[in-house]
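[1] I'll drop the sequence and a predicted model, then ask my questions.
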Amino acid sequence: MCSQWFYYFGVGHVIGDGFFKQPDWVEKRGTSRTYHNPATWWGSPDARMMNERTNGLLFKQENSPYSLGFDFLQAFSFKDHSVGVVLLRCEDHDDEMRAKRGYHRPLMILPGNVLGSCHGY
């Protein structure tokens, strides 16, 4: 049997020690909410539906939505070894701020083929 290992940093740790320790992130959190503009996500039917299903918690100023992203990358230039990364991003900022690399925090790292070929790949 072959088992795959990974590193999980914890959602609370990533949000509390990753995002909330960045003063500019905290200062601008929630400032781009435009509930009445249907051209934005906050003004969309999906956002209203999500807010209704969470009994109004989504639109409370102290709460923020987060999204997950996933990608593989080559960690080393001298060896063919890919690493999977699950990233967490807060959706409570404007487009420019959300796009910054420093505001995408790793939530989980999935090392590539560490033990050799377990299942022939």
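    Sure thing, it's come through.
[2] What are the boundaries of the helices in the chain?
    Remark: helices assigned in the chain by DSSP state H are 11-13, 23-28, 45-53, 95-99.
[3] Distance from the first one to the middle of the chain?
    In terms of Cα atoms, centre = their mean, to the nearest Å, the centre of helix 11-13 is set 11 Å apart from its chain centre.
[4] List of residues touching it?
    Residues from elsewhere that reach helix 11-13, judged by Cβ atoms under 8 Å, 6 or more residues apart in numbering: L88, L107. (C-beta placed from N, C-alpha, C; glycine too.)
[5] same deal with the longest one?
    Helix 45-53 is contacted from outside by Y35, W41, L57, L58, F59, P65, using Cβ under 8 Å, 6+ apart.
[6] Show the contacting residues for the second one.
    If you count contacts by Cβ under 8 Å, 6+ apart, W41 has them with A47, E91.
[7] and P106, which of the helices of the chain is closest to it?
    Nearest to P106 among the helices of the chain is helix 11-13; the distance by Cβ to Cβ comes to 10.9 Å.
[8] Could you pull up the mean pLDDT of the closest one?
    The predicted model gives helix 11-13 an average pLDDT of 95.
[9] same check, this time on stretch 110-121
    The average pLDDT for stretch 110-121 rounds to 58.
[10] Quick check, central residue of this protein?
    With distances taken as Cα atoms, centre = their mean, the residue of the chain nearest its centroid is L88 (1.4 Å).
[11] how far away is that residue from D80?
    For L88, the distance to D80 (Cβ to Cβ, to the nearest Å) stands at 28 Å.
[12] now swap in Q61 and tell me
    Applying Cβ to Cβ, one obtains 47 Å for the distance of Q61 from D80.
[13] circling back to that earlier point, export the helices of the chain to TSV and tack on mean neighbour count and distance to A75?
    Converted to TSV, the helices of the chain look like this (neighbours: other Cβ atoms under 10 Å; distance: least, Cβ to Cβ, whole Å):
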stretch	mean neighbour count	distance to A75
helix 11-13	11	22
helix 23-28	12	26
helix 45-53	13	36
helix 95-99	12	23
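[14] Out of those, flag the one nearest P111.
    With Cβ to Cβ, the closest approach to P111 among the helices of the chain belongs to helix 11-13: 19.6 Å.
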